[in-house]
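**Q** pasted the sequence and its predicted model underneath.
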2 protein chains.
Amino acid sequence: TPIHSVDLGEAEAFFHQHAAENMSAPDAEERFSQALVEFGQRGIFTHTTEELEFGARLAWRNANRCIGRLYWRSLVVRDRRHVTRADDVAAECVDHLHAATNDGRIRPVITVFAPDRPGRQAPRLRNDQLIRYAGYQGSDSVVGDPAQAEFTRWVESLGWAGKGTDFDVLPLVVETPEEGVTLAEVPADAVLEVELTHPELPWFADLELKWHAVPAISSMPLRIGGVTYPTAPFNGWYLGSEIGSRNLVDPDRYAMLPEVGRRLGLDVDDDRSLWKDRALVEINRAVLHSFDRAGVKVADHHNESRMFMAFVDKEERAGRVAHAEWSWVVPPMSGASLPVYHHYYDESVQLPGFLPAGDWSP
Amino acid sequence: TPIHSVDLGEAEAFFHQHAAENMSAPDAEERFSQALVEFGQRGIFTHTTEELEFGARLAWRNANRCIGRLYWRSLVVRDRRHVTRADDVAAECVDHLHAATNDGRIRPVITVFAPDRPGRQAPRLRNDQLIRYAGYQGSDSVVGDPAQAEFTRWVESLGWAGKGTDFDVLPLVVETPEEGVTLAEVPADAVLEVELTHPELPWFADLELKWHAVPAISSMPLRIGGVTYPTAPFNGWYLGSEIGSRNLVDPDRYAMLPEVGRRLGLDVDDDRSLWKDRALVEINRAVLHSFDRAGVKVADHHNESRMFMAFVDKEERAGRVAHAEWSWVVPPMSGASLPVYHHYYDESVQLPGFLPAGDWSP
Ligand code: HEM
Ligand code: HEM
């Protein structure tokens, strides 16, 4: 299916949904006729800023893998469809981070850049998130984030050189038809980070772990009403367990479990002692504690699960059904202790929505 | 689809699978012709004991929700298709428990009773597991297992009276066309139980928790080669987290988290302290420790996940694909710390297999 090309059936359906959910929206069929005229002339049509806002919020509401959707109406939408130069795209991404970070009181934000139009490819961001730590592949181990080793090698081949620490923020990589691939550093003041300490274990600080405050996915095209916006980075705040049970823990990420298990004095050679489960809890406690202490908004999986169930209820009261992918909305630890676990979801995909990251790779 | 009636296409396919995987199996088409003759005469056909064994093992191999399938070849199959009287059915279930329990060295066993045939309904077991603890609904709480409250009320209406403790084993309920519904106690010596203590926390014993050694599902019809065996109780050994993260913990089961959290001295009013996650780990440690100490076989989720991945590999080496339901094979705690989590599975259903428990209810 040509999901990246303009689809007029989708366009019409979206104008109807816009009209149905918004008193102030124009008549759907009139709006659609207007779009048809523009499409006939230019091979594309232009969403109003209000349509773009509503569409981006719906895309969040329809994000089947996202547990944070109760807040979908609060999404701040930055309409940057007029921005075309690579350095301006990068600067807008940095502004996005400032707006989102908000001194720790994280705001959900999306910045929408132009769609492709006939004969003209719009700018592309090649990062999968706006903030990612480099991974440097050594002969038998990786410094930094192993998930970024391939990308890091690629930006190095383009001339970037990192400091070689475990937490070097990768540059933004913007590609435009005129300028090709260009790099731009993310300035340090746009990257709020939290150093990890534990509420009771002083040695935890010695691990010198930290994580950034804002998770901003930049690889997923946004599809609204038959038009694809290939570059539309968005962020929420973190769910603590994304950091404490995945990023710092997965064997192919920072893989901190054995070190933490040993420092806890556990028998890390005996899985049946549940040392991994115990270390996992302490890392997650450290994440929540440290973010709280630093005044940086972060969700815990218990509360966020409840908020998600409130979203499911609220959708039902609005006469809709909240679709979801169970394996994604159930957090990566203590699954069955959370209300999201004990529920079946319709997993089918709805639009507007975020599309899977393309098969582009460095 | 009339899944409970005889299906000759399925029959033929099964004879072919039997022949393909077993040197000593008869020629599939000859065997099928023979079955057709019998079917023409009696409206059903009869699997040989060897076919029944192979079919039951395949049903386990095809159980998409089961993490324990590496051992599928070891299933002990008890062919009890000739048993028709209710008291004999109950006695065979008790024998099943003895064979399975094996003084703690649990063996996977299935006992297959007769299929229905035209004009004659075979015996039915109305229990969902051979061993279940009664649940007594009080005015605002339940003594015992709340999941069994409805069933308990039903057997009470049939004349059963339990002692009223938290762990009264429910009677077997067998239904035959001649005798109607009949009850039979499970003798105490057929129910091995493990009292729960904790490796480090002496007060854990004061909770007076215990659990039975053998999980034996008795509500799922077995479908082999186009024939449904409505009564075919089977058991494996427990995965510790079924007891420690679900049966003793789910809010609609024994709901022990708050009590354990309080005894651990945790702040049970602040979910963000991850007290639930910590209490969960300690209950699971108690389960594994207690079963080990009692010499009763139990799996832990770390090792069983690895065994499941070995099963997936082994199936691949045999030229097959292990299908699975992700949300069931991923254990209910510490999901992402387990290899099963990081894998996609084909979720489609294969036969032979166990069918969902019918819509029968008391
Ligand atoms: C406000 C706080 C938010 C929280 C706590 C939250 C939480 C999460 C979590 C835990 C995941 C799973 C991530 C993973 O396992 O890799 C996720 C996925 C996702 N979220 Fe959210 N989210 C938030 C905001 C947003 C916003 C603002 C959007 C879009 C406007 C969004 C769209 C998505 C999408 C599209 C995915 C799937 C990503 C993928 O397929 O890789 N979320 N979210
Ligand atoms: C040998 C040790 C075994 C282990 C450790 C094991 C483990 C498990 C676990 C943890 C579940 C999920 C249960 C739940 O969440 O409610 C499960 C489900 C299942 N297992 Fe196994 N199992 C074993 C043996 C067997 C055997 C012998 C059979 C059949 C011959 C079997 C067939 C199934 C089926 C059909 C289900 C799905 C039950 C349902 O839909 O409610 N398992 N198993």
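**A** Looks like it arrived, so ask away. Ligands and ions are numbered 1, 2, ... in the order given.

**Q** next, the spatially most central residue of chain A: phi, psi?
**A** Nearest to the mean C-alpha position of chain A, counting by Cα atoms, centre = their mean, stands residue A:217 at 3.1 Å. Main-chain dihedrals, residue A:217, degrees, to the nearest 10: phi -70, psi 130.

**Q** so what's it up against?
**A** By Cβ atoms under 8 Å, 6 or more residues apart in numbering or on different chains, residue A:217 lies in contact with A:128, A:129, A:233, A:234, A:235, A:354. Where you see a C-beta, it was placed from the backbone N, CA and C, and this is true even at glycine.

**Q** try 7 Å
**A** Going by Cβ atoms under 7 Å, 6 or more residues apart in numbering or on different chains, residue A:217 touches A:129, A:233, A:234.

**Q** for residue A:215, same thing?
**A** Contacts for residue A:215 (Cβ under 7 Å, 6+ apart) come out as A:129, A:235, A:236, A:238, A:242.

**Q** most surrounded residue in those residues?
**A** Among those, residue A:235 has the most neighbours (other Cβ atoms under 10 Å in any protein chain shown), with 27 neighbours.

**Q** let me know whether it touches residue A:214 as I believe.
**A** Yes: Residue A:235 lies in contact with residue A:214 (Cβ atoms under 7 Å); the separation is 5.2 Å.

**Q** the helices in the stretch 1-150 of chain A, which residues?
**A** For the stretch 1-150 of chain A, applying DSSP state H, counting those that start in this stretch gives helices covering A:8-21, A:28-42, A:49-61, A:86-101, A:149-157.

**Q** mind listing what's buried along the first one?
**A** Residues of helix A:8-21 classed as buried under the neighbour-count rule (16 or more other Cβ atoms under 10 Å in any protein chain shown) are A:10, A:11, A:12, A:13, A:14, A:15, A:16, A:17, A:18, A:19.

**Q** and the furthest pair within the residues you listed?
**A** Spatial extent of these (Cβ to Cβ) is set by the pair A:10 and A:19 at 15.1 Å.

**Q** residue A:173: which element?
**A** If you go by DSSP states H and E, residue A:173 is part of strand A:172-176.

**Q** name every strand pairing with that strand and say which way it goes.
**A** Strand A:172-176 pairs in its sheet with strand A:124-125 (antiparallel), strand A:180-184 (antiparallel), by DSSP bridges.

**Q** so which of those strands is nearest ligand 2?
**A** In terms of Cβ to the nearest ligand atom, the element of these nearest to ligand 2 is strand A:124-125, at 41.8 Å.

**Q** can you pull the pLDDT of whichever residue of the stretch 1-150 of chain A sits closest to ligand 2?
**A** For the stretch 1-150 of chain A, the residue positioned closest to ligand 2 under Cβ to the nearest ligand atom is residue A:67, at a distance of 21.8 Å. Here, the pLDDT recorded for residue A:67 equals 98.

**Q** who in chain A is up against ligand 2?
**A** Within chain A, no position is near ligand 2 by Cβ under 6 Å from any ligand atom.

**Q** looking at chain A, which helix is longest?
**A** The residue-count maximum for a helix in chain A (DSSP state H) belongs to helix A:275-293.

**Q** CA atoms of stretch A:162-171 as PDB?
**A** Output of stretch A:162-171 as PDB, limited to C-alpha atoms (Å, rounded to 0.1, in the frame of the first residue of the first chain):
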ATOM      1  CA  GLY A 162      32.800  12.200  20.100                       C
ATOM      2  CA  LYS A 163      34.700  12.500  23.400                       C
ATOM      3  CA  GLY A 164      34.600   8.700  23.900                       C
ATOM      4  CA  THR A 165      32.600   8.700  27.200                       C
ATOM      5  CA  ASP A 166      29.600   6.500  28.000                       C
ATOM      6  CA  PHE A 167      27.200   9.500  27.500                       C
ATOM      7  CA  ASP A 168      28.200  11.600  24.500                       C
ATOM      8  CA  VAL A 169      25.200  13.100  22.900                       C
ATOM      9  CA  LEU A 170      25.100  12.300  19.100                       C
ATOM     10  CA  PRO A 171      24.800  15.100  16.600                       C
END
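
**Q** how about the residues of chain A near ligand 1?
**A** Counting by Cβ under 6 Å from any ligand atom, chain A sits next to ligand 1 at A:60, A:63, A:65-68, A:71, A:75, A:108, A:110, A:217, A:220, A:234, A:236-237, A:239, A:242, A:299, A:304, A:328, A:354.

**Q** no more questions from me, cheers.
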